[in-house]
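**Student:** Fold the following for me, if possible:
(one chain, ligands or ions: 1)
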Amino acid sequence: MYDAPHKDKDVTQNDIKISARDVQVFYGDTQAIKDVDVEIDDKTVTAFIGPSGCGKSTFLRCLNRMNDTIDICRIEGKISIDGEDIYDPSIDPVQLRAKVGMVFQKPNPFPKSIYENVAYGPKIHGMARNKAELDEIVENALKRAALWNEAKDRLDSPGTGLSGGQQQRLCIARAVATEPEVLLMDEPCSALDPIATAQVEELIDELRQTYSVVIVTHSMQQAARVSQKTAFFHLGNLVEFGDTEQIFTNPKDERTESYITGRIG
Ligand SMILES: Nc1ncnc2c1ncn2[C@@H]1O[C@H](COP(=O)(O)OP(=O)(O)OP(=O)(O)O)[C@@H](O)[C@H]1O
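**Tutor:** Now for the predicted structure:
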């Protein structure tokens, strides 16, 4: 079951980037996340796995306060990034989401040019003083997302005219353009073909040199290939968290073992 990774899987100790304590999430009266405690490392890819409906996306969305946009959603407990409580009333969620970028399941470029898709965030956050600086930010973000070579001659063409895999890399460029520190990815490859998936996985491996990356995936093979740490969720509980290799080769909890061997899910 454990798919040998194509990259070195160094699991050296990194600094803790995100810390969650006693997190509970409710949609109305229904509890979707129960008593979650976890510490997520910097410069590491952490995969969230588990059966459908177990709360992976809900917990991921807590990390940049995307759940704030859902009226019936209520969150208890404490989530800190670099020691700062992200639910503190002094925190501006818009600023937070620039620092904690997100890439969604379905590529969702804005109906604008490739250039404008990437330039939008840096513009609203006042990151460039002039056009030359903005051009540089756009170029660097497209390079980081491994899209520059394919996009450099068509920066004024609509982002929606790119292939699915290119659109997803454009969304990654858009997320990295605001210089985030954390990148959240909610099943970023589920709408992509195997070649585009391999490109995005390669990219995720590069991005972890700079960011803390958290990825929700339904594919255990993908979790094994791209992540150094894995969290297994089941019925709203974080059942097991550890080095990816340990989770896939020597799970401690019966539920984890059942899931990775295909008995539940
Ligand atoms: N906006 C919402 N309103 C009400 N309930 C919700 C909402 N979003 C999620 N839920 C519920 O919360 C629980 C966890 O859902 P969530 O989408 O986080 O799970 P998941 O593990 O990401 O699932 P999947 O793998 O199918 O995407 C489910 O019971 C789901 O029905």
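
**Student:** export stretch 199-208 as CSV, just CAs?
**Tutor:** Extracted in CSV, the C-alpha atoms of stretch 199-208 (Å, rounded to 0.1, in the frame of the first residue of the first chain):
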residue,chain,number,x,y,z
GLN,A,199,3.2,18.5,-12.4
VAL,A,200,1.2,19.9,-9.5
GLU,A,201,2.7,17.2,-7.1
GLU,A,202,6.2,18.1,-8.2
LEU,A,203,5.3,21.8,-7.6
ILE,A,204,4.0,21.0,-4.1
ASP,A,205,7.3,19.4,-3.3
GLU,A,206,9.1,22.5,-4.3
LEU,A,207,6.8,24.8,-2.5
ARG,A,208,7.5,23.2,0.8
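
**Student:** got the contact list for that stretch?
**Tutor:** 7, 43-45, 144-146, 165, 168-169, 172, 176, 183, 185, 188-189, 192, 213, 215, 222, 225-226, 228 (CB atoms under 8 Å, 6 or more residues apart in numbering). To be clear about C-beta, it is placed using only N, CA and C from the backbone, and glycine gets the same treatment.

**Student:** Report the buried residues of it.
**Tutor:** By neighbour count on 16 or more other CB atoms under 10 Å, the buried set for stretch 199-208 is 199-201, 203-205, 207-208.

**Student:** sorry, back to before: looking at the contacts of stretch 199-208, which are in strands?
**Tutor:** Using DSSP state E, 45, 183, 185, 213, 215 are the members of these that sit in strands.

**Student:** show me where this protein has helices.
**Tutor:** With DSSP state H as the criterion, the chain has helices at 56-62, 93-99, 114-124, 131-144, 148-151, 164-176, 194-207, 220-226, 244-249, 254-260.

**Student:** Just flag the most distant two among the buried residues of stretch 199-208.
**Tutor:** Spatially, the most separated pair among the buried residues of stretch 199-208 is Gln199 and Arg208, at 15.6 Å (CB to CB).

**Student:** quick one on the thing from earlier: turn the buried residues of stretch 199-208 into TSV, columns for pLDDT and distance to Ser80.
**Tutor:** Output for the buried residues of stretch 199-208, formatted as TSV (pLDDT from 0 to 100; distance: CB to CB, whole Å):
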residue	pLDDT	distance to Ser80
Gln199	88	33
Val200	89	29
Glu201	94	29
Leu203	90	28
Ile204	93	24
Asp205	93	26
Leu207	91	22
Arg208	93	21
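
**Student:** Output those in JSON lines; the columns should cover distance to the ligand.
**Tutor:** Output for the buried residues of stretch 199-208, formatted as JSON lines (distance: CB to the nearest ligand atom, whole Å):
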{"residue": "Gln199", "distance to the ligand": "23"}
{"residue": "Val200", "distance to the ligand": "18"}
{"residue": "Glu201", "distance to the ligand": "19"}
{"residue": "Leu203", "distance to the ligand": "22"}
{"residue": "Ile204", "distance to the ligand": "18"}
{"residue": "Asp205", "distance to the ligand": "23"}
{"residue": "Leu207", "distance to the ligand": "22"}
{"residue": "Arg208", "distance to the ligand": "22"}
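
**Student:** The closest residue to Ile18 other than its chain neighbours: neighbouring residues, count only.
**Tutor:** Leaving out its chain neighbours, the residue that sits closest to Ile18 by CB to CB, 6 or more residues apart in numbering is Ile40, at 4.0 Å. Using other CB atoms under 10 Å, Ile40 has 21 neighbouring residues.

**Student:** swap in Asp92?
**Tutor:** Residues near Asp92, counting by other CB under 10 Å: 9.

**Student:** what do you get for Ile91?
**Tutor:** 15.

**Student:** What of Ser19?
**Tutor:** Neighbour number of Ser19 under other CB under 10 Å is 16.

**Student:** residues from the stretch 51-200 of the chain in reach of the ligand?
**Tutor:** 52-58, 70, 72 (CB under 6 Å from any ligand atom).

**Student:** buried set for stretch 206-224?
**Tutor:** Quick answer for stretch 206-224 (16+ other CB under 10 Å): 207-208, 211-220, 222-224.
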